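Student: Everything below, folded, please.
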Amino acid sequence: MRRVFQTISVVGLGYIGLPTAAMFASRKINVIGVDVNEQTVATINAGGVHIVEPDLDIAVRAVVESGYLRATLSPEPAEAFLIAVPTPFLEGHNPDLSYIEAAARSIAPVLQPGNLVVLESTSPVGTTEQMADWIAGARPDLTFPRTHGENSDIRVAYCPERVLPGNVMRELINNDRIVGGLSARCSEVATSLYKSFVRAECVITHARTAEMAKLTENSFRDVNIAFANELSRICDKLSLDVWELIELSNLHPRVNILQPGPGVGGHCIAVDPWFIVSRTPEEARIVRTAREINDAKPAWVLSKVRDSIAAHLTACGGDDPADVVVACYGLTFKPDIDDLRESPALSIARDLLHQHPGPVLLVEPNIESLPSSLAGGHLAKEAEARVSADVHVMLVDHTEFRGKPPPAGIIVDSRGVWR
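Tutor: Sure thing, here's the model as predicted:
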């Protein structure tokens, strides 16, 4: 029998937590959003959003005004708690679970028998069980699935997000969800929760398998991108056009090579494979190598920029790199969004600012100001960069950049859009 939820709490109101909270609230479920950032809480309670995602601002405004969503700094009692906090990695690519631990301990005091706790954060295998142990340690008066199975007071499950930034609101509804409970009853209750708005299938498995499935999905993408990025370096060495090569190879009915780029960014693909490597370092050889290939691509792009600066000086008879104006087009980790997390374009721009003595123009139409890591850079308009720069570096193929190569200067095109 499907359980009906009246009040839920979403802990972490970022790129996944806030859209998820808005989606539940749009189904007339009372949602208490929890975040440690005071400005984020204030913005949401005013009906605004602090991130850019199509249709999110409309949805949040509607559910805040109707009273179904409110944000707070501290957890409050609810029937279900969704944890959607960051999971970065530490030195040596070891996973940092401190945000999950902090969230788990923060909700522990308000938990009641019959509550459901769902972890959505992408995590190494075994993290859901660890989260349950953290909560159990803080609430010895309650029982949990690891010790009491189907009869536990608290239900615990893992349900990873599987959405694409820029298309989150639609994919939350239409993408299949993997629901991994710590028991069959946990999976059943969690499925009831997500069926409040998910139109696609909720596929049930164990929490550990669900954790590994999420990591596998992103590692698969990373390995395929690494193949394309390696091809780009091979073709450069052999003086071949990698874009033409891939087009021709993809004419084969069973070949679908992805496009190379300046690296891999974002909060998932650039991070998640390391969670597999951290748990199975001897076995995850392809996964590790793919990460190393993609992590090395920004340095390779930078070497191409340095070569282009030298070529420009030779062509104009100059000898001072400070006279060369370089423009970088795009800073986000993928096209047409404002998300800078783990962005290889951002990394390249930052290193250029440190290494190049001349002006560096940074063109990013999706942000209003530069992050502190790019202090000293100039956030320029595309029109200014097109006529002012001597070297043009295409890093992110935003829609407005496509099909408009600069009229003059040397081009370093890491995305193949100005061929």
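
Student: Can you check the pLDDT for the residue positioned nearest the centre of the chain?
Tutor: Centroid-nearest residue in the chain, with CA atoms, centre = their mean: residue 267, separated by 2.9 Å. Here the pLDDT value assigned to residue 267 is 78.

Student: Could you pull up the residues touching the residue nearest to it when sequence neighbours are not counted?
Tutor: Nearest non-adjacent residue to residue 267, counting by CB to CB, 6 or more residues apart in numbering: residue 341, 4.8 Å away. (Each C-beta comes from the backbone N, C-alpha and C, glycine too.) By CB atoms under 8 Å, 6 or more residues apart in numbering, residue 341 lies in contact with 265, 266, 267, 333.

Student: which residues touch residue 342?
Tutor: 264, 265, 266, 267, 270, 271, 333.

Student: Is the closest residue to the fifth one other than its chain neighbours part of a helix or strand, or is it coil?
Tutor: Beyond its immediate neighbours in the sequence, the residue positioned closest to residue 270 (CB to CB, 6+ apart) is residue 342, lying 4.2 Å away. Three-state secondary structure (criterion: DSSP: H, G, I helix; E, B strand; the rest coil) places residue 342 in coil.

Student: Now do the buried residues in stretch 241-252.
Tutor: Applying a neighbour-count criterion of 16 or more other CB atoms under 10 Å, one finds 242, 243, 245, 246 buried in stretch 241-252.

Student: which one of the residues you listed is nearest residue 225?
Tutor: residue 246 (12.2 Å; CB to CB).

Student: hang on, the earlier thing: now, of the contacts of residue 341, which are buried?
Tutor: For those, buried by 16+ other CB under 10 Å: 265, 266, 267, 333.

Student: Pretty sure residue 345 is one of the things the first one touches, is it not?
Tutor: Yes. Taking CB atoms under 8 Å as the contact criterion, residue 265 and residue 345 are neighbours in contact, 7.2 Å apart.

Student: joint contacts of the two?
Tutor: Residues touching both residue 265 and residue 345 by CB under 8 Å, 6+ apart: 332, 333.

Student: Which of the contacts of residue 342 fall within strands?
Tutor: Nothing among the contacts of residue 342 maps onto strands, per DSSP state E.

Student: Identify the residues contacting stretch 98-105?
Tutor: 11-12, 83, 85-87, 117, 119, 121, 123, 127, 130-131, 134-135, 138.

Student: let me fix that: stretch 293-309
Tutor: Here stretch 293-309 has contacts from 222, 225-226, 229-230, 233, 260-264, 270, 321, 324, 326, 344, 347-348, 351-352, 355-356, 390-391, 393, 395, 410, 412, 414, using CB under 8 Å, 6+ apart.

Student: Tell me the buried residues within those.
Tutor: For the contacts of stretch 293-309, buried by 16+ other CB under 10 Å: 222, 225-226, 229-230, 260-264, 270, 321, 324, 326, 344, 347-348, 352, 356, 390-391, 393, 395, 410, 412, 414.

Student: Can you give the domain ranges for this protein?
Tutor: With domains defined by automatic domain parsing, the chain comprises 7-200, 218-413.

Student: tell me how far the first one is from the chain's mean position?
Tutor: Read it as domain 7-200. Distance of domain 7-200 from the chain centroid (CA atoms, centre = their mean, to the nearest Å) equals 16 Å.

Student: now the last one
Tutor: Using CA atoms, centre = their mean, the distance from the centre of domain 218-413 to the centre of the chain it belongs to is 17 Å.

Student: For that domain, measure first residue to last.
Tutor: In domain 218-413, first residue to last residue: 25 Å (CA to CA, to the nearest Å).

Student: didn't residue 120 look like it was pressed against residue 163?
Tutor: No. Here residue 120 does not reach residue 163: they are 10.7 Å apart, not a contact under CB under 8 Å.

Student: list residues touching both of the two?
Tutor: With CB under 8 Å, 6+ apart as the test, residue 120 and residue 163 both reach residue 16.

Student: What segments of the stretch 301-419 of the chain are strands?
Tutor: With strands called from DSSP state E, counting those that start in this stretch, the stretch 301-419 of the chain shows them at 326-329, 360-363, 378-379, 391-394, 410-413.

Student: Pass me the low-pLDDT residue ranges in this protein, would you?
Tutor: The chain contains residues with pLDDT under 70 at 1.

Student: need the contact list for residue 415.
Tutor: Applying CB under 8 Å, 6+ apart, the residues contacting residue 415 are 259, 261, 262, 394, 395, 396, 397.

Student: Give me the contacts around stretch 122-134.
Tutor: Contact partners of stretch 122-134, identified using CB under 8 Å, 6+ apart, comprise 83, 87, 95, 97, 100-101, 104-105, 108, 117, 119, 121, 144-146, 154, 156-158, 160-161, 180, 182, 207-208, 210-212, 214-215, 218, 267-268, 271-272, 275-276, 278-279.

Student: Return the alpha-carbon coordinates of that stretch using CSV.
Tutor: Output in CSV follows, covering the C-alpha atoms of stretch 122-134 (Å, rounded to 0.1, in the frame of the first residue of the first chain):
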residue,chain,number,x,y,z
THR,A,122,26.6,10.7,-4.7
SER,A,123,28.6,8.6,-2.4
PRO,A,124,31.1,5.7,-2.2
VAL,A,125,29.7,2.3,-1.7
GLY,A,126,28.7,1.8,2.0
THR,A,127,28.0,5.4,2.7
THR,A,128,24.2,4.9,3.3
GLU,A,129,25.0,2.3,6.0
GLN,A,130,27.6,4.7,7.5
MET,A,131,25.0,7.5,7.6
ALA,A,132,22.5,5.2,9.4
ASP,A,133,25.2,4.3,11.9
TRP,A,134,26.0,8.0,12.6
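
Student: Which positions within it qualify as buried?
Tutor: For stretch 122-134, using 16+ other CB under 10 Å, the buried residues are 122, 123, 124, 125, 127, 128, 129, 130, 131, 132, 134.
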